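*Asks:* Next comes the sequence, and after it the predicted model I'd like to discuss.
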Amino acid sequence: MTASSALQATHDARPWLAHYPPAVPPRIGEPGTLAELIAGACATYAERPAFESFGKSISFAQTGAAARAFAAWLQASGCQKGDRIALMMPNILAYPAAIFGALLGGFTVVNVNPLYTARELTHQLNDSGARVLVVIENFAHVVEEAKPHLKLETIIVATAGDLMGFKGHIVNFVARRIKKVVKPFDLPGSVPLATILAGPDEMLPVTVTPDDVAFLQYTGGTTGIAKGATLTHRNVASNVEQCGLWLGWALEPPLGRSDYQHVMVTALPLYHIFALTCCCMFMLRIGAKGLLIANPRDISGFVKTLKASRFTLISGVNTLYNALANHPEFAQVNFDELRFAVSGGMATQAAVAKHWRQVTGRPIIEGYGLSETSPVASINRPDISEFSGTVGFPLPSTDIAIRDAEGNDLAVGEAGEICIRGPQVMAGYWNRPDETAKVMTPDGYFRSGDIGVLELDGQLRIVDRMKDMVLVSGFNVYPNEVEDVIAMHPGVLESAVIGLPDEHSGEAVTAFVVRKDDTLTADELRLFCKESLTGYKVPKQIFFRESLPKTNVGKVLRRALREEVASKA
């Protein structure tokens with residue numbers, strides 16, 4: 001086989017390669033470790049601001065010093081390389097410092113949602129075997145409730161004002177007033193994080209390898225008990241390199257501006273894999289500043305921050321973009337330097353993307369991935385001018401196959417399970433070889449549980465989650481499609497579609513809708529849907545609600561709606 005015919009065969013097997021930007025190679029090299037990435041960024045960009053929170057910035061050098069101090073304290077406390085360190089915080093300055101310190105010291109980070117109940121917290125900490133927990137004081141009462149059932153050795157209490165100097169006292173005072181906390185929460189035997197981060201940064205040298213475990217990233221538990229995706233330094237560092245090659249050429253500074261710095265609006269919590277890799281680790285690679293948003297649910301406060309801030313990049317999920325675009329003051333934000341907005345975590349609706357484009361002048365670039373893939377598997381080209389409706393092309397060194405229930409590859413255009421292979425795919429589920437075996441194929445692909453289609457040019461289009469599919473008289477109905485149509489109605493703010501038992505059709509399409517126009521009726525919306533959907537896809541029942549249940553990152557919880565209906569029944 002000649003070189004040209006070999007290249008053609010590769011492109012036939014991976015049609016997306018023919019549509020890569022010229023600057024993007026088909027494969028990545030050995031990425032190194034996150035410890036090397038952190039140390040390198042803190043040295044190279046030492047004087048640049050690394051993170052900003054509540055109007056206070058700290059430099060890369062300051063972040064690095066705090067990280068080393070955290071690592072040194074863990075070492076002095078008897079923690080060994082590979083020990084699990086749990087972090088339970090929102091987006092505050094101390095959070096990335098703690099992440100970086102744990103990784104520099106060769107420890108494994110267990111990211112914990114601060115909104116967890118005592119039951120959820122107990123499971124995750126005990127399952128991971130965490131020795132140390134860092135918790136922000138607002139949620140220390142949950143730790144106190146769970147403490148009798150935990151195997152922790154040390155609890156460290158953080159505050160919103162840590163690493164802010166004098167301004168931190170003001171931030172803490174205001175935060176405690178809002179939460180109605182009379183004094184700082186004190187867990188007996190706990191240690192203040194502020195004291196640790198201000199300590200000596202003389203950590204002992206440690207050798208971190210690409211195969212060391214960097215994160216135990218717990219899945220949401222939507223299909224059962226939450227499992228820890230074991231992500232090595234190689235997994236996450238590979239994804240950082242993949243994203244860097246895919247997006248880096250579009251992030252070049254203006255001509256003659258060597259001092260130019262990108263600013264990423266980081267509204268998604270850093271304990272979520274999307275924000276962790278794309279808004280934190282990838283930003284280290286390019287020396288960008290992270291504009292940390294501690295409470296993105298406060299949309300008015302969020303918009304106020306954006307109006308007062310310079311930023312060049314933003315990431316979010318569909319519900320966040322929808323809420324921002326519908327805020328009356330959002331159009332007053334300065335978008336002149338915005339390069340692009342990246343969306344992931346859930347399907348982006350065409351109506352939301354269109355509205356965002358109208359307000360900001362920039363399209364939404366949608367990507368796709370999971371906790372198990374560190375997370376990015378595919379993403380749109382950054383030079384698109386309009387929302388594509390796909391999740392783009394597989395990243396360098398990434399293979400995507402669409403397979404049926406028996407594991408057979410399906411033809412272009414056929415819907416099946418999305419299977420992913422690449423260096424960003426997890427090492428397995430923590431201490432669960434049986435669960436790992438269920439999702440990993442003999443040829444090294446991860447079975448995502450998502451239904452998708454590969455287009456002729458190699459772009460991936462998401463159809464829906466397999467478990468959310470509705471079966472109406474033997475016909476498949478995908479909630480994403482119905483929700484997309486509902487979102488086009490000008491009287492709708494957001495919606496969620498599920499299947500409910502029906503004696504005639506097996507399941508009936510049911511929509512839960514939050515109205516933008518209170519005069520909108522179910523009959524009017526049903527007629528609107530009939531213009532774009534075949535009869536069996538039109539919602540049989542429509543319920544209007546004030547809000548929809550969501551995860552902390554804004555994903556609508558269809559499962560919660562099903563459980564709510566079942567409990568009432």
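*Replies:* Looks like it came in fine. It should be emphasised that the depicted structure is a prediction, and the values quoted were computed from it without experimental measurement.
*Asks:* so where does the spatially most central residue of the chain fall, helix or strand?
*Replies:* In the chain, the C-alpha closest to the average C-alpha coordinate belongs to Phe274, at a distance of 2.5 Å (CA atoms, centre = their mean). Secondary structure assigned from DSSP states H and E places Phe274 in helix 273-274.
*Asks:* Which SSE is immediately downstream of that helix?
*Replies:* helix 282-286.
*Asks:* Residues in contact with that next one: which ones?
*Replies:* Helix 282-286 has contacts (CB atoms under 8 Å, 6 or more residues apart in numbering) with 37-38, 41, 240-241, 243-244, 247-248, 251, 262, 264, 289-290. For the C-beta atoms, the positions are set from N, CA and C on the backbone; glycine is no exception.
*Asks:* do the same with stretch 356-369
*Replies:* 273-274, 321, 324-325, 330-331, 333, 335, 338-344, 348, 352-353, 375-382, 384-388, 390-392, 418, 424, 460, 462.
*Asks:* mind checking the end-to-end distance for it?
*Replies:* With CA to CA, to the nearest Å as the measure, the first residue of stretch 356-369 is 22 Å from its last.
*Asks:* Which positions within that stretch qualify as buried?
*Replies:* Judged by neighbour count using 16 or more other CB atoms under 10 Å, the buried positions of stretch 356-369 are 356-357, 359-360, 363-369.
*Asks:* now swap in stretch 22-42 and tell me
*Replies:* Neighbour-count burial for stretch 22-42, counted by 16+ other CB under 10 Å, picks out 24, 28, 31-39, 41-42.
*Asks:* Sort out which of the contacts of stretch 356-369 are in strands and list them.
*Replies:* Among those, the members falling in strands (DSSP state E) are 340-343, 376-379, 418, 460, 462.
*Asks:* Give the rounded mean pLDDT of the helix or strand where Ile99 lies.
*Replies:* Per DSSP H and E: Ile99 is located in helix 94-104. For helix 94-104, mean pLDDT rounds to 98.
*Asks:* residues in contact with it?
*Replies:* For helix 94-104, contacts defined as CB under 8 Å, 6+ apart pick out 34-35, 38-39, 42, 50-51, 63-64, 66-71, 74, 85, 87, 89, 108-109, 134, 158-159, 162-163, 193-194, 197, 203, 206, 208, 214, 233, 270, 276, 280, 290, 292.
*Asks:* What's the first helix or strand after it?
*Replies:* As assigned by DSSP H and E, the chain's next helix or strand after helix 94-104 is strand 108-111.
*Asks:* buried ones in the following helix or strand past that following strand?
*Replies:* Downstream of strand 108-111, the next assigned helix or strand under DSSP H and E is helix 118-128. For helix 118-128, a neighbour-count test (16+ other CB under 10 Å) marks 118, 120-125, 127-128 as buried.
*Asks:* do stretch 51-68 as well
*Replies:* 51-54, 56, 58-60, 62-68.
*Asks:* now, which of those sits nearest Val303?
*Replies:* Checking the buried residues of stretch 51-68 against Val303 with CB to CB, the nearest one is Phe54 at 15.6 Å.
*Asks:* What residues does the closest one make contact with?
*Replies:* 160-161, 164, 167, 171, 294.
*Asks:* Return the distance of it relative to Phe173.
*Replies:* Applying CB to CB, to the nearest Å, the value for Phe54 to Phe173 is 12 Å.
*Asks:* what do you get for Ala522?
*Replies:* To Phe173, Ala522 is 48 Å away according to CB to CB.
*Asks:* swap in Leu74?
*Replies:* Applying CB to CB, the value for Leu74 to Phe173 is 29 Å.
*Asks:* Please identify which of the two sits among more neighbours.
*Replies:* Neighbour count, other CB atoms under 10 Å: between Leu74 and Phe173, Leu74 has more, with 26 against 12.
*Asks:* Looking at the contacts of Phe54, which gets the smallest pLDDT?
*Replies:* Comparing the contacts of Phe54 by pLDDT, Val171 comes last, at 91.
*Asks:* rewinding a little: max pairwise distance over the buried residues of stretch 51-68: which two?
*Replies:* Farthest pair in these, by CB to CB: Phe54 and Arg68, 24.0 Å.
*Asks:* re the thing from before, narrow the buried residues of stretch 356-369 to those in strands?
*Replies:* Counted as lying in strands by DSSP E, out of these, are 364-369.
*Asks:* wait, isn't Arg48 in contact with Gln62?
*Replies:* No - using CB atoms under 8 Å, Arg48 makes no contact with Gln62, being 10.7 Å away.
*Asks:* between those two, what contacts are shared?
*Replies:* With CB under 8 Å, 6+ apart, Arg48 and Gln62 have no common neighbours.
*Asks:* Nearest to Ile400, out of the buried residues of stretch 51-68: which one, please.
*Replies:* Of those, the one sitting nearest to Ile400 (CB to CB) turns out to be Phe51, at 33.6 Å.
*Asks:* so that closest one makes contact with Leu292?
*Replies:* Yes - if you go by CB under 8 Å, Phe51 and Leu292 touch, sitting 5.8 Å apart.
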